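Student: All I have is the shape, not the residue letters:
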């Protein structure tokens, strides 16, 4: 399997004031293969979101190297899409226009972009919400719309920053299943930041446990294959317990 | 909509009732009755005098507002998004913003003459600062996540402006415009009473100086109606462009 991302000695800093900086990530080395399902888990402030930001090209690291498809990553890429907990749907645009926006920005004819958005809305089971504003949708529907917008440009990499954390249990599970479905059909690579042990076990084939300073405490290879019944199986609960123990050790 | 119209009619009726009662109680020439005033208003309208002055004043205020909007919104948005520009221009704004601009009217008249130009310029000058500060602050407050999201979608500057910055700031800009409208009408009145021979301000002053109080009030009513219509236009613009806000 060829590499999607390779990170070498990456350091990410934030300016606290004119004299002081804070290192969110220090000397991180990581390899993510193409088509891999990666879950990042760790305490708040350990550098998970910073890692997604540098993978998305929105922030350049202070030092170190990042390779994307074996070439140095230079800025934002059309094939990499970042999706956050805050869906960033523009409240003044109707749902279909929000979903079609990436295509419209790429100078695709409006009619064509809206037709694509409509097809995507049908796939995401939100076709009935056509003509509504984002604030008229439920949290789950907004997340579906955000995922539809992310997938419309057919990305190779999907970076997900706690995208489902604000949803209720059933909506969260539905969105997780939707993501699995998308991954199976499109064979894309995704990197998911989550605080939920169950979500990490369900969605990640490689679970990276991070500690402060963006250090990797342990990379857990998850053998569990997701399917409809996986969440209630003994294997799933055992994997969750093992991950919980690793997390506790990491935070101790 | 029906409710808004009903409420506006009710408020007008209450105001007219208060005016009529005050006029009867005071029984002075400087506060004529509603009937007397409307009689003069209709006759001046039919003669074309009031209509002409209203048209002149409307042109001036619209020109002043247009000039202020065209200049202040792009500059305000640019200041809100470009830190260095904000750091350079803001001190100048804070120095000039609190100054009462009307004190410059005599100088403006000397430079621009007695025509429409000084009046339009003065209105634009007053409105400019208010909208500039509001649009700058609104642009500054755009959440970073939205901006990053536009960046990750490879939006160029024009697209960011059209799809994010302007729609995000529009509501604040319209609010600033609504607030400054009252001031701009007061400035219009002041400018038209200074070295002027036309406009509603002149019409009102003329009525006052000739002790024709119903004529003076007719001018005041026309100015109030002009203000009301401008408010209605801004409200309609907000209802149309910011219709998502009701959800």
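Tutor: Nice, I can see it. Computed from a predicted structure; not experimentally measured.
Student: So residue 8, which state does it fall into?
Tutor: Because you didn't say which chain, this covers chain A. strand (DSSP: H, G, I helix; E, B strand; the rest coil).
Student: Can you look at chain B instead?
Tutor: With three-state DSSP as the basis, residue B:8 sits in helix.
Student: From chain A, how far off is it?
Tutor: Going from residue B:8 to chain A by CB to the nearest CB, to the nearest Å gives 27 Å. Placement of C-beta: from N, CA and C, glycine included.
Student: Now do the contacts for the residue nearest the centre of chain B.
Tutor: The centroid of chain B falls nearest to residue B:181 when counting by CA atoms, centre = their mean (2.4 Å). By CB atoms under 8 Å, 6 or more residues apart in numbering or on different chains, the residues touching residue B:181 are B:65, B:227, B:230, B:231, B:234.
Student: Name the helix or strand for the fourth one, please.
Tutor: In other words, residue B:231. helix B:213-241 (DSSP states H and E).
Student: tell me what that helix is packed against?
Tutor: Applying 3 or more CB pairs under 8 Å, 6 or more residues apart in numbering or on different chains; DSSP states H and E, one finds that helix B:213-241 contacts helix B:34-47, helix B:49-81, helix B:166-193, helix B:200-209.
Student: What average pLDDT does whatever helix or strand residue B:138 lives in get?
Tutor: According to DSSP H and E, residue B:138 maps onto helix B:117-140. What helix B:117-140 shows for mean pLDDT is 95.
Student: Please identify the buried residues of it?
Tutor: B:118-136, B:138-139 (16 or more other CB atoms under 10 Å in any protein chain shown).
Student: where does the stretch 101-250 of chain A dip in pLDDT?
Tutor: A:225-229 (pLDDT under 70).
Student: Mind doing that once more with 80?
Tutor: Along the stretch 101-250 of chain A, the model assigns pLDDT under 80 to residues A:166, A:214, A:222-232.
Student: Pick out the residue of it closest to chain B.
Tutor: Of the residues in the stretch 101-250 of chain A, the one nearest chain B is residue A:135, at a distance of 4.0 Å by CB to the nearest CB.
Student: That residue touches residue B:244, doesn't it?
Tutor: Yes: with contact defined as CB atoms under 8 Å, residue A:135 counts as touching residue B:244 (6.6 Å).
Student: three-state assignment of residue A:19?
Tutor: Classification of residue A:19 by three-state DSSP places it in coil.
Student: how much space between it and residue B:10?
Tutor: For residue A:19, the distance to residue B:10 (CB to CB, to the nearest Å) stands at 62 Å.
Student: What of residue B:96?
Tutor: 42 Å.
Student: got it, and residue B:45?
Tutor: In terms of CB to CB, residue B:45 sits 25 Å off from residue B:10.
Student: Name the residue in those two with the higher neighbour count.
Tutor: Higher neighbour count among residue B:45 and residue B:10: residue B:45, with 15 against 10, using other CB atoms under 10 Å in any protein chain shown.
Student: That one and chain A, how far apart?
Tutor: Separation of residue B:45 from chain A (CB to the nearest CB): 41 Å.
Student: mind checking how far the residue nearest to that residue when sequence neighbours are not counted is from residue B:65?
Tutor: In this structure, residue B:45 finds its nearest non-sequential neighbour in residue B:51, 5.7 Å apart by CB to CB, 6 or more residues apart in numbering or on different chains. According to CB to CB, residue B:51 stands 21 Å off from residue B:65.
Student: Then residue A:148?
Tutor: Distance from residue A:148 to residue B:65, by CB to CB: 41 Å.
Student: of the two, who's got more company?
Tutor: Neighbours were counted for residue A:148 and for residue B:65 using other CB under 10 Å; residue A:148 has more, 25 against 22.
Student: now for the strand or helix carrying that one, which elements pack on it?
Tutor: Assigned by DSSP H and E, residue A:148 belongs to helix A:139-152. On a contact count with 3+ CB pairs under 8 Å, 6+ apart, helix A:139-152 meets strand A:80-84, helix A:95-105, helix A:110-123, helix A:169-186.
Student: Outside of it itself, list whatever touches it.
Tutor: Contact partners of helix A:139-152, identified using CB under 8 Å, 6+ apart, comprise A:81, A:83, A:87-89, A:95, A:98-103, A:116-117, A:120-121, A:123-126, A:129, A:134, A:137, A:158, A:163-164, A:166-168, A:171, A:174-175, A:178-179, A:182, A:186.
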